[in-house]
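Q: model the following, please.
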Amino acid sequence: MNASNAGTASTDTCGWTNNIGEVKGEGHRVWVVPDGDLPPRGDGELEGHESLIILNTNRENAHILIDIYFTDRDPVLGIPYTVDGQRVLCIRLDKPIGPDSYRIPFGQYALRIRSDVPVVVQFGRLDVRQPNLAYYGTMAFPVA
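A: Okay, the predicted model is just below:
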């Protein structure tokens, strides 16, 4: 696809694309990330952190609620975000999040991401606790 044919109606060989650039049924409405554990920032140029990446390939906006669960306290539920249609949102989890600027404390936590339209969710961690830094990204678990 190129920019000149974006939005042109067509059907792919599988029959599940109604417009170029928009695929029906991509993603899920509920995702879970069970292994959150913020690494320390570190002293180097790269900052240790975790991030949540939400891709919305729909034309309409995705209204997101993030729930955070802990091992030793009640959950923090319903932190709202909006991901505009056909956009991606990256949330640094070591920074204040949501309209109330909630800060996730160090220690084990888990996330549940709820959306009113199907989205795709990925989780990443940059861990700088040793000289050979490590970065990994993993797909969240699609629940529904």
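Q: can you list the low-confidence ranges for this protein?
A: Scanning the chain with the threshold set as pLDDT under 70 gives 1-25.
Q: continuing past the longest strand belonging to the chain, what's the next helix or strand?
A: As assigned by DSSP state E, the longest strand anywhere in the chain is strand 108-127. Downstream of strand 108-127, the next assigned helix or strand under DSSP states H and E is strand 134-139.
Q: for that next one, list the C-alpha coordinates in CSV.
A: Taking Å, rounded to 0.1, in the frame of the first residue of the first chain, the C-alpha atoms of strand 134-139 are listed here in CSV:
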residue,chain,number,x,y,z
ALA,A,134,19.0,-6.0,28.1
TYR,A,135,15.9,-5.0,26.3
TYR,A,136,13.0,-7.2,25.5
GLY,A,137,9.5,-6.7,24.2
THR,A,138,6.7,-9.2,24.5
MET,A,139,3.1,-9.4,23.4
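Q: tell me the secondary structure at Leu77.
A: Counting by DSSP: H, G, I helix; E, B strand; the rest coil, the backbone at Leu77 sits in strand.
Q: from Ile68, how far out is the nearest residue to Leu111 once chain neighbours are set aside?
A: The shortest distance from Leu111 to any non-neighbouring residue, by CB to CB, 6 or more residues apart in numbering, is to Val33 (4.2 Å). Yep, even glycine has a C-beta here, placed from its N, CA and C like the rest. Look at Val33 and Ile68: by CB to CB, to the nearest Å, they are 10 Å apart.
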